[in-house]
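Asker: need coordinates for the following:
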Amino acid sequence: MKHVERFVLAAAILLFLSLSAPAQTVTLDGFLARVSASHPVFRSERLAAEIAAEEQVGLQGEEDWRALSYATIAHEQAAVPGVGPEKTTSVMLGGHLERTLWRTGGRFSATASMVRADLDVSPMLGIPDSYYQTELGVAYAHPLMRNKEGALDRLEYDLKSYDIRSAETAALEAEEALLAGAAVKFLNWTYLTEQNAIFAERLRLSEEELARSIRKRNAYLIDEADVIRAEDAVHFWEQTLGLGEAQWKAMRAELSVLAQDESLLDSSPDCDLYEMIDLLPLEEASDVLSRDSRLLEDLGIRLEQLRHAQSGYEEIAKPDLMLVAEIGARRAHEEPVESLALDKPDVALSLQYGFPLENVTANSDIARGNLEIRRLEATIDEVELALLSNLAAVHTQMTELDSVLALNREQIESARRRTEEELDLYNHGRGELTFVIQARDGEQQARLTLAQNALTYHTLLVTYRALMDELHN
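Answerer: This is a model prediction of the structure:
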């Protein structure tokens, strides 16, 4: 009666596990989509590019109009008595407006001023003792060598464009790394599902063997020792399955938090652990990786940025040749309103040339820039070689695992036939229960080995997809 009660209890446990199994299922792609939609890393990483974009917008302020106003009070005494006014007191109000033009690299400026001057002069000179003078002028300086077409003015702004592109690429890489880790956890959850199914089947067989042993013992066909062995096997697999269920639920809870989705707590994985895929030939996959790798793309962006910066260093090293055009008008009169009728034009055209005598800093920057470019080119070659090496290793392992998995299936079939033989011998009184249990354990272990190798295959597949930038686009 004691044996029957244990058998009923074990059957009840199995029934409970089957009834409590989640009805919903989730695929790997569906899970990764949930992670992409909810995980904070996808928000934080994308903000990096937006921050860089705002920084670039801020650099446009260098092209803004700049205004300056001023008021000046001055008092002067004649340096040479008897020549001109003995002393002069003046008040000046003025303003200056200027702008840098990135399209040309030129500088535009406009100046306006009005001066009231009070003079201490002799009436014999016939000079009025006060007057107003109004001036208005505009000037434009155009670069002919250094900063031609605004190359230096726009340099920081243009370089920031590379930062934006690099931030976007780096964000995708960080997101893909997260998805790869999440995918591996999902595959482990799938493996635990398969493992527990194997454990549950092993427990069911142990319970059948216990029931058979009880019947044989009641018919005095076997010793009590065989019943005890059968009971021990049931207890062992009950404990093993209980531990497996705990691990399975823990992994499900972790994935639920990772995806920020409580509905996963009522789900089970929908993933064929034993599905094989057709890989691209290694040579073709290597060509795709070298051409489309996001990591190599990011390094390529940085190389472009260095070369663009190098052009700026070379621009700084050029002589400064400027063509300056100035146009103005002015008028002085005793009445302030009359002084506004500007009737004295001024026109000037000049050519300004300047250059550093040694140019040490610019030459050093150019030399350093060339070294940085060469170093980054070597880094790109190094990273590409590492990526191709990893790809070759993963591709080879996956290809070899195809054969290993086929051998695993043959091993399972061989273990199944052995179990049948041992069971047949035992049922005919020519074998021992211990050999039956060992045979069934061997079959179960062969199934677990197949599941573990399948997990390894799919974990490698995640690595392969991450290398090929297929997990996240």
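Asker: low-confidence ranges in the protein?
Answerer: Residue ranges of the chain with pLDDT under 70: 1-23, 79-84, 121-127, 473.
Asker: tell me the domain boundaries of it?
Answerer: 2-54+158-303+375-467, 66-151+319-358 (automatic domain parsing).
Asker: these: which one's closest to residue 60?
Answerer: Residue 60 lies closest to domain 66-151+319-358 among those, at 8.6 Å (Cβ to Cβ). Placement of C-beta: from N, CA and C, glycine included.
Asker: how far does the closest one stretch from one end to the other?
Answerer: 33 Å (Cα to Cα, to the nearest Å).
Asker: circling back to that earlier point, most tightly surrounded among the domains of the chain?
Answerer: domain 2-54+158-303+375-467 (a mean of 16; mean count of other Cβ atoms under 10 Å).
Asker: check the offset of it from the chain's centre.
Answerer: Centroid separation for domain 2-54+158-303+375-467 versus its chain: 27 Å, with Cα atoms, centre = their mean, to the nearest Å.
Asker: just stretch 331-350 next, same as before
Answerer: 62 Å.
Asker: would you mind writing the CA trace of that stretch as PDB?
Answerer: Output of stretch 331-350 as PDB, limited to C-alpha atoms (Å, rounded to 0.1, in the frame of the first residue of the first chain):
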ATOM      1  CA  ARG A 331      29.900 114.300 -43.400                       C
ATOM      2  CA  ALA A 332      30.500 117.000 -40.800                       C
ATOM      3  CA  HIS A 333      28.100 119.900 -40.100                       C
ATOM      4  CA  GLU A 334      27.200 122.300 -37.400                       C
ATOM      5  CA  GLU A 335      23.700 120.800 -37.400                       C
ATOM      6  CA  PRO A 336      23.200 117.200 -36.400                       C
ATOM      7  CA  VAL A 337      20.500 116.600 -39.100                       C
ATOM      8  CA  GLU A 338      22.600 118.000 -41.800                       C
ATOM      9  CA  SER A 339      25.500 115.800 -40.900                       C
ATOM     10  CA  LEU A 340      23.300 112.800 -41.900                       C
ATOM     11  CA  ALA A 341      23.500 113.800 -45.600                       C
ATOM     12  CA  LEU A 342      26.600 111.800 -46.200                       C
ATOM     13  CA  ASP A 343      28.400 113.300 -49.100                       C
ATOM     14  CA  LYS A 344      32.100 112.400 -48.700                       C
ATOM     15  CA  PRO A 345      32.600 108.900 -50.000                       C
ATOM     16  CA  ASP A 346      35.600 106.700 -49.100                       C
ATOM     17  CA  VAL A 347      36.600 103.600 -51.200                       C
ATOM     18  CA  ALA A 348      39.600 101.400 -50.500                       C
ATOM     19  CA  LEU A 349      40.800  98.100 -51.900                       C
ATOM     20  CA  SER A 350      43.800  96.300 -50.300                       C
END
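Asker: state the distance from residue 305 to residue 108.
Answerer: 30 Å (Cβ to Cβ, to the nearest Å).
Asker: let's have the domains of the chain in CSV, adding distance to residue 367.
Answerer: Compiled in CSV, the domains of the chain are given as follows (distance: least, Cβ to Cβ, whole Å):
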stretch, distance to residue 367
domain 2-54+158-303+375-467, 13
domain 66-151+319-358, 14
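Asker: nearest to residue 310, of those domains?
Answerer: Ranking these by proximity to residue 310 (Cβ to Cβ) places domain 2-54+158-303+375-467 first, at 10.5 Å.
Asker: and the closest residue to residue 38 other than its chain neighbours, what are its phi and psi?
Answerer: Leaving out its chain neighbours, the residue that sits closest to residue 38 by Cβ to Cβ, 6 or more residues apart in numbering is residue 260, at 3.8 Å. Main-chain torsions, residue 260, degrees, to the nearest 10: phi 50, psi 50.
Asker: shouldn't residue 260 be in contact with residue 36?
Answerer: No. Applying Cβ atoms under 8 Å as the test, residue 260 and residue 36 come out as separate, 11.1 Å apart.
Asker: just give the closest residue to residue 304, not the sequence neighbours.
Answerer: In space, residue 304 is closest to residue 162, 6.2 Å off (Cβ to Cβ, 6+ apart).
Asker: and if you look at residue 209?
Answerer: Leaving out its chain neighbours, the residue that sits closest to residue 209 by Cβ to Cβ, 6+ apart is residue 230, at 5.0 Å.
Asker: which strands or helices does whichever helix or strand the one you found is part of pack on?
Answerer: Element membership for residue 230 (DSSP states H and E) is helix 224-259. Contact here means 3 or more Cβ pairs under 8 Å, 6 or more residues apart in numbering; DSSP states H and E; on that basis helix 224-259 packs against helix 2-19, helix 28-38, helix 155-218, helix 433-467.
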